[in-house]
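Novice: Below: sequence and its predicted model.
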Amino acid sequence: MDHSAARATAAPQLHVVLVLAAATGGIGAHVRSLTQGLVAHGVTVTVCAPEGVDRLHGFSAAGARLHTVDITPTSGARSDAVAIGELRRAFTGADVVHAHGLRAGLLSDLALRTAGRFPGIRPETPLVVTSHHALLATGLERRLQRLMERRVVRAADLVLGASSDLVARARELGATDARLGPVAAPPLPPAGLDRAAARAALPGGDDGRPVVLAIGRLVVQKCFSLLLDAVPHFAAPGGPMPHVLLAGDGPERQALYDRVRSEKLPVDLLGYRTDIPELLAAADVVVLSSRWEARSLVAQEAMRAGVPVVATAVGGVPELVGDAAVLVPFADPRALGGAVRDLLGDEKRRTELAEAGRAQARTWPDEAATVAQVLSVYDELVQRQV
């Protein structure tokens with residue numbers, strides 16, 4: 001049987017439910033990209049997400065049905081029961097459920113496996129779980145997360161890992177089927193300003209100093225505290241201290257602001273920004289100081305834009321960037337600061353990395369390839385049920 005022909009015929013009737021918790025960064029952008037691509041292929045898409053997430057990512061604007069489900073970051077008997085009930089309603093008539101993240105995966109599995117008397121829900125409905133993040137908690141929280149992780153990867157019909165280390169982890173925990181499922185960064189629009197105008201628009205204008213840019217949600221995983229530790233090492237002896245920009249918002253914002261102020265660091269906290277193309281146009285170097293990343297969207301955006309990247313060698317970053325970025329060990333502010341300092345002092349090397357970054361970016365799967373892979377997975381799982 002020609003499965004591609006069968007999918008082309010069946011696609012208009014295929015109903016997929018995408019489930020996610022509150023997501024302000026890469027997960028939300030990925031689900032939005034999947035939604036748009038799947039709808040373009042004639043798939044009916046329902047997105048289950050907390051209230052407010054749709055306003056940020058535009059799932060309904062991309063053609064999805066929106067079903068509000070409050071999936072809280074941590075477990076609670078009452079909140080979980082309410083979420084499971086809402087998920088059951090959303091799963092009515094679904095051919096595939098695709099959860100993003102462990103909490104979404106756990107509650108989706110509970111909703112499917114306890115469907116019981118609910119009409120229109122088949123307990124054998126395939127469950128796909130995309131693992132986007134490593135678990136970085138400590139103590140009791142870490143033990144609880146590990147238990148949840150084991151349950152979810154064993155319950156899923158298929159685990160897609162956003163990086164190879166996540167795939168290996170799922171297999172270690174007993175996943176029935178675990179595969180690499182790269183998350184493509186949606187292409188940014190072209191910058192509306194040229195380099196000179198973009199630099200002039202920075203806080204304080206263009207004072208001639210090099211510009212170092214970091215972007216991301218201000219959370220522990222991104223470890224912007226390491227970035228601040230490294231800032232004093234950015235300047236060459238006798239040279240100017242670079243202008244450091246940090247774009248993003250999150251729970252670490254006040255602590256980072258207090259450090260910048262008390263240590264008199266040359267860092268501007270820009271808050272949440274929508275002008276990322278213009279910030280990239282102004283930057284000389286982009287820095288990733290994360291404790292862990294899968295396929296960093298910031299690294300993808302910077303390399304596509306031809307901005308040299310200095311990053312910690314964690315998670316999926318080395319396989320993503322190859323030889324087209326400067327990698328340093330995590331938790332070594334001198335190494336991070338020295339790599340930035342050396343790169344700022346070597347225009348030829350920056351030009352080489354800009355070209356290498358664009359070339360490396362051309363090797364990554366784009367959004368269309370990502371959607372095609374997911375459609376193929378759905379087709380495979382649905383065929384198993386026939």
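Specialist: Nice, I can see it. All values derive from a computational prediction rather than experimental measurement. Numbering: from 1, shown residues only.

Novice: So L18 versus A198, what's the distance?
Specialist: Using CB to CB, to the nearest Å, we find L18 at a distance of 35 Å from A198. To be clear about C-beta, it is placed using only N, CA and C from the backbone, and glycine gets the same treatment.

Novice: same deal with K348?
Specialist: In terms of CB to CB, K348 sits 23 Å off from A198.

Novice: tell me the phi and psi of V310?
Specialist: phi -120, psi 130 (degrees, to the nearest 10).

Novice: and the residue nearest to R150 when sequence neighbours are not counted, what does it touch?
Specialist: Spatial nearest neighbour of R150, excluding adjacent residues (CB to CB, 6 or more residues apart in numbering): L173 at 4.9 Å. By CB atoms under 8 Å, 6 or more residues apart in numbering, the contact set of L173 is E149, R150, V153, R154.

Novice: hmm, back to that, so which of K348 and A198 has more stuff around it?
Specialist: Set side by side, K348 and A198 show more neighbours around A198, with 21 against 7, by other CB atoms under 10 Å.

Novice: does that one belong to a helix or a strand, and which?
Specialist: Assessed by DSSP states H and E, A198 sits inside helix 195-200.

Novice: ok, then the element right after that helix?
Specialist: Assigned by DSSP H and E, the successor of helix 195-200 is strand 211-215.

Novice: Most distant residue from the centre of this structure?
Specialist: In the chain, the residue that sits farthest from the middle, by CA atoms, centre = their mean, is G238; the gap is 38.8 Å.

Novice: hey, C-alpha coordinates of stretch 162-172 in CSV?
Specialist: As requested, the backbone C-alpha atoms of stretch 162-172 are provided in CSV (Å, rounded to 0.1, in the frame of the first residue of the first chain):
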residue,chain,number,x,y,z
ALA,A,162,14.6,17.5,20.7
SER,A,163,18.2,16.5,21.0
SER,A,164,20.2,13.2,20.9
ASP,A,165,20.8,13.2,24.7
LEU,A,166,17.1,13.4,25.3
VAL,A,167,16.5,10.4,23.0
ALA,A,168,19.2,8.4,24.8
ARG,A,169,17.7,9.3,28.2
ALA,A,170,14.2,8.1,27.0
ARG,A,171,15.7,4.8,25.8
GLU,A,172,17.5,4.4,29.2
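
Novice: Check which residues of it are buried.
Specialist: Within stretch 162-172, the residues scored as buried using 16 or more other CB atoms under 10 Å are A162, S163, D165, L166, V167, R169, A170, R171.

Novice: and what of stretch 339-355?
Specialist: Within stretch 339-355, the residues scored as buried using 16+ other CB under 10 Å are A339, V340, R341, L343, L344, R350, L353, A354.

Novice: now it, how far from the centre of its chain.
Specialist: 26 Å (CA atoms, centre = their mean, to the nearest Å).
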